[in-house]
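1. Here is my input; please provide its structure:
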Amino acid sequence: MHHLLPLLPAIPLLGAALLVATGRRLPRFAAEITGFVVSGGTAALALVLLLNSSPPMVEWVGGWLPAGGESVGIVVIGDGPALGMAALVSLLTLAALAYSWRYFDEPPRGHPGAFTALMLVFQGAMCGFAIAGDLFNAFVFFELMSVVAYALTGYRIDEAKAVQGALTFGVVNSLGAYAMLMGIGLLYARTGELAMTKIGRGLDTAAGHGGPDALVLASFVLVLTGLLVKAAAVPFHFWLPDAHAVAPTPVCMLLSGVMVELGAYGVWRVYGTVFAGPGGIPAADLTRALVTLGTLTAATGAVMCWYQRHIKRLLAYSTIAHTGLFLVGLGVLTPQGDDGVALYILGHAGVKAALFACAGVLLDRYGSVDEHALHGRARELRATAVMFAVAALGLAGLPPFGTALGKAVTEEAVGGPLTVVYVAASAITAGAVLRVTGRVFLGLGPRPKDADSDLETSGSEEEPETTGPLSRIPDTMTTVPAVLLAAALAVGVAPGFGDLVARSVNEGGSGGAHAVAQWTAHGVLLGLASTALAVALAGLAVTRPDWTAAPDWARPLRRLQSGHVGDYVAWLLVGAAVLGALALPGVLGG
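-> As a prediction, the model looks like this:
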């Protein structure tokens with residue numbers, strides 16, 4: 001079945017080409033049906049391949065097999081983690097297309113298939129990145145993914161804010177991509193190879209007994225900078241809230257549900273296959289770098305999430321906080337940590353996509369995503385209120401959600417004081433979402449007073465993504481988040497699913513001892529504790545609105561999100577320097 005691997009990116013790309021070729025001649029209904037069939041077919045293929053991924057599959061595209069130990073062909077990998085990410089990408093794209101059924105009443109420039117075609121290209125690029133076995137083609141799909149994401153973010157091109165958000169997204173991520181390409185160039189200069197496993201062996205051979213040198217450090221910093229920009233890790237994260245604030249809701253579902261997670265997956269894949277050997281970066285240095293940046297990301301994301309009133313920005317900062325938790329789990333470099341992060345990502349994808357879907361309902365019904373302006377206005381949306389609250393509890397890590405199982409396994413792997421980071425970050429972000437539930441859907445507590453500093457990013461002047469406010473919420477806009485929440489719950493309750501994911505991850509990783517991914521009393525108690533803390537924080541915020549006003553110590557942190565792309569570029573350079581400083585001791589020791 002390994003010959004079918006290249007079809008995962010090819011099918012969505014061919015489907016998008018078909019929609020573009022037919023242009024305005026294809027009725028909108030037919031265009032959306034085509035997108036739905038193509039995306040669903042790719043999801044089915046990914047699941048079939050995933051079920052047959054033991055032992056892992058390898059395919060050299062076009063039959064360009066290595067000759068004499070040298071290779072010039074394109075290699076794709078079909079192991080558990082790669083196909084698992086491809087399946088997640090495809091299923092979430094299918095959900096986003098179902099949510100957006102008849103979504104934009106007047107497509108720009110009269111092209112009925114434009115949005116669907118872009119979504120299919122986005123799906124194909126993400127699938128290609130997930131299964132890429134060589135660094136250069138991973139970069140190609142990385143760039144294709146980015147370019148389409150820019151277009152989707154600024155899809156409503158008649159709005160200045162959408163164009164500005166897409167431009168910021170494009171500049172920062174393009175610089176990250178250039179850094180990644182320079183790092184790949186350095187690795188190619190050293191080893192003469194592009195396949196990840198061959199680069200890893202080449203580095204080990206070139207280093208001999210001397211260990212890594214400055215070139216290896218530079219390539220490591222450059223490649224990881226590009227991946228961490230995509231993962232929105234602090235201080236590379238500034239583009240994400242600005243992009244989420246203006247991107248269409250179905251696009252937000254993919255950006256937070258799976259694209260950011262692909263950045264973390266790329267870090268795991270590249271280190272394990274390229275830099276994990278004696279010629280690469282010592283494990284202790286990677287652990288120091290990822291745990292430090294992950295903790296900083298979780299803390300910054302949680303604090304910024306709490307002080308937002310723009311609901312889509314609030315959810316974006318929540319994504320940043322949980323990305324930090326993913327990086328900490330990966331940073332401990334244990335099979336149990338990898339297993340926990342994999343489960344955490346699966347549960348988080350369903351929960352976060354459902355939350356953005358519910359935020360989209362508010363935007364298209366009331367023309368606002370301002371927590372203050374919507375105070376008590378959404379009492380009539382009972383089903384949406386229930387889903388918003390349930391998703392918040394899943395975000396907090398309430399058993400038996402998949403987020404709770406992944407969080408429990410990861411907490412067991414990291415242990416010690418880092419457990420506090422998991423409990424605090426999940427409780428604060430979930431508490432912010434529960435606070436929105438209480439104020440917007442239930443009208444609890446007094447309406448908070450507006451601060452002048454909040455007005456620019458309040459979300460009160462947003463335009464509905466349809467031709468006008470919806471008088472009736474379409475069934476697809478309520479069914480899709482319900483299904484996503486059910487899937488997030490199934491990750492935690494399906495018998496043996498945790499162990500299945502663990503076996504799949506370990507076969508695609510270092511091949512270490514199999515870690516059991518299952519519920520423990522300790523994990524359940526921590527999940528209940530973070531949920532109780534989230535409920536308590538939400539209750540205090542609703543009854544005391546001053547709790548959500550940024551204190552003096554938090555205001556400088558908020559001012560860093562300036563909206564000026566030059567500031568974000570400067571922070572990208574700072575982040576690359578910090579990453580190099582954290583990894584430098586191992587090179588000096590070598």
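2. these two touch, right, Ala132 and Gly78?
-> No - using Cβ atoms under 8 Å as the test, Ala132 is too far from Gly78 to be in contact (11.4 Å). From N, CA and C alone the C-beta is placed, and that goes for glycine too.
3. any idea how the chain splits into domains?
-> According to the domain assignment given by automatic domain parsing, the chain is divided into the following structural domains: 1-131, 156-275+555-590, 284-442+477-544.
4. Quick one: residues contacting Ala321.
-> Ala321 sits next to Thr297, Ala298, Ala299, Thr300, Gly301, Ala302, Cys305, Ala425, Ile428, Thr429 when contact means Cβ atoms under 8 Å, 6 or more residues apart in numbering.
5. these two touch, right, the fifth one and Gly324?
-> Yes - the pair Gly301 and Gly324 passes the contact test of Cβ under 8 Å, sitting 6.0 Å apart.
6. which residues are common contacts for those two?
-> Shared contacts of Gly301 and Gly324, defined by Cβ under 8 Å, 6+ apart, comprise Val234, Ala425.
7. Now do the lowest-mean-pLDDT helix or strand in the chain: distance to the chain's middle.
-> Every helix and strand in the chain was compared by mean pLDDT, DSSP states H and E; the lowest is helix 555-559, with a mean of 82. For helix 555-559, the gap between its own C-alpha mean and the chain's C-alpha mean amounts to 24 Å (Cα atoms, centre = their mean, to the nearest Å).
8. Then stretch 395-410?
-> Distance, stretch centre to chain centre, for stretch 395-410: 17 Å (Cα atoms, centre = their mean).
9. Tell me where the stretch 201-350 of the chain has helices.
-> Counting by DSSP state H, counting those that start in this stretch, the stretch 201-350 of the chain has these helices, from start to end: 214-231, 239-246, 249-254, 260-270, 283-306, 311-331, 335-366.
10. Ok, the stretch 351-500 of the chain next?
-> Counting by DSSP H, counting those that start in this stretch, the segments of the stretch 351-500 of the chain that form helices are 382-396, 402-414, 418-436, 475-493, 497-508.
11. Retrieve the pLDDT associated with Arg472.
-> As summarised for this prediction, Arg472 has a pLDDT of 83.
12. now swap in Thr429 and tell me
-> The pLDDT attached to Thr429 in the predicted structure is 97.
13. I'd like to know how many residues surround it.
-> Residue crowding around Thr429 was assessed by other Cβ atoms under 10 Å; the count is 30.
14. where's it relative to Leu343, distance?
-> Applying Cβ to Cβ, to the nearest Å, the value for Thr429 to Leu343 is 18 Å.
15. now swap in Leu187 and tell me
-> From Leu187 across to Leu343, the span is 31 Å (Cβ to Cβ).
16. can you check Arg472 too?
-> Arg472 is 37 Å from Leu343, by Cβ to Cβ.
17. Tell me who's in contact with Ala232.
-> Listed by Cβ under 8 Å, 6+ apart, the contact set of Ala232 reads Trp239, Leu240, Val260, Gly263, Thr297, Thr319, Ile320, Thr323.
18. Model confidence for the residue located most distally from the centre of the chain, exactly?
-> Seen from the C-alpha centroid of the chain, the residue lying at the greatest distance (Cα atoms, centre = their mean) is Gly68, 39.5 Å away. You'll see Gly68 listed with a pLDDT of 72.
19. go on, Gly110?
-> We have a pLDDT of 57 for Gly110.
20. Could you do Ala517 as well?
-> Among the per-residue scores, Ala517 shows a pLDDT of 74.
21. which stretches of the stretch 451-590 of the chain have low pLDDT?
-> Counting by pLDDT under 70, the stretch 451-590 of the chain has low-confidence residues at 451-461, 508-516, 585-590.
22. Next, Glu59: secondary structure please.
-> strand (DSSP: H, G, I helix; E, B strand; the rest coil).
23. Can you get me a residue count around it?
-> With other Cβ under 10 Å as criterion, Glu59 counts 20.
24. List the contacts of it.
-> His2, His3, Leu5, Pro6, Val75, Val76, Gly78.
25. and if we set it to 7 Å?
-> By Cβ atoms under 7 Å, 6 or more residues apart in numbering, the residues touching Glu59 are His2, His3, Leu5, Pro6, Val76, Gly78.
26. Could you tell me how far the second one is located from Asp475?
-> What that stands for is His3. His3 sits at a distance of 40 Å from Asp475 (criterion: Cβ to Cβ).
27. Next: the first one.
-> Taking Cβ to Cβ as the measure, His2 falls 40 Å from Asp475.
28. Compare the two and say which one has the larger neighbour count.
-> Here His2 and Asp475 are set side by side on neighbour count (other Cβ under 10 Å), and the busier one is His2, at 16 against 9.
29. Pretty sure that one sits against Ile77.
-> No - between His2 and Ile77 there is no contact under Cβ atoms under 7 Å: 9.7 Å.
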